[in-house]
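A.B. asks: Got a predicted model here, sequence first, then my questions.
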Amino acid sequence: MGNNRLNSLKGRAVLYRIAGLLRWLIWGVKYAIIWPLATTAIVVILLFRTGDTTPGQQMAQEIGRVRAMAPSGMFPVRDCPDPVFTVSSPV
């Protein structure tokens, strides 16, 4: 009777070790393979989405558009609409 209990405890210890090993294996695959691949995929998508332009070129184009839109020394800000007051708005 005592021998069966000892074998049961050994079996549980083995299962515990296997579960721990499996948990570490899943963690390793997740952080060593999946996350780096996902990050690389996002970077590649963002780089190829822009076509032949680089982020610096896009920034320079946007600065050029803003400079063309506003006169010298002025800011390209449109008129703000009047605020909409509600019953709960403080006056």
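C.D. replies: It's in. Numbers count the residues shown, from 1 in each chain.
A.B. asks: and residue 38, what pLDDT?
C.D. replies: Note for residue 38: predicted pLDDT of 95.
A.B. asks: likewise residue 17?
C.D. replies: Per-residue confidence (pLDDT) for residue 17: 92.
A.B. asks: following the helix ranked longest in the chain, which helix or strand shows up next?
C.D. replies: Ranked by number of residues, the top helix in the chain under DSSP state H is helix 2-29. Using DSSP states H and E, the helix or strand that follows helix 2-29 in sequence is helix 35-49.
A.B. asks: Restrict that next one to CA atoms and write it as CSV.
C.D. replies: This file holds the C-alpha atoms of helix 35-49, laid out as CSV (Å, rounded to 0.1, in the frame of the first residue of the first chain):
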residue,chain,number,x,y,z
TRP,A,35,7.6,38.6,-30.8
PRO,A,36,10.7,39.3,-32.9
LEU,A,37,9.0,38.1,-36.0
ALA,A,38,5.9,40.2,-35.3
THR,A,39,8.1,43.3,-34.7
THR,A,40,10.1,42.7,-37.9
ALA,A,41,6.8,42.2,-39.9
ILE,A,42,5.4,45.5,-38.6
VAL,A,43,8.6,47.4,-39.5
VAL,A,44,8.7,45.8,-43.0
ILE,A,45,5.1,46.7,-43.6
LEU,A,46,5.6,50.3,-42.5
LEU,A,47,8.7,50.7,-44.7
PHE,A,48,7.2,49.2,-47.8
ARG,A,49,3.9,51.0,-47.3
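A.B. asks: about what we covered before: please give the centre-to-centre distance between the longest helix of the chain and its chain.
C.D. replies: Offset of helix 2-29 from its chain centre (Cα atoms, centre = their mean, to the nearest Å): 35 Å.
A.B. asks: Next, the angle from that helix to helix 35-49.
C.D. replies: 20 degrees (axes from the mean of the first three to the mean of the last three Cα atoms, to 10 degrees).
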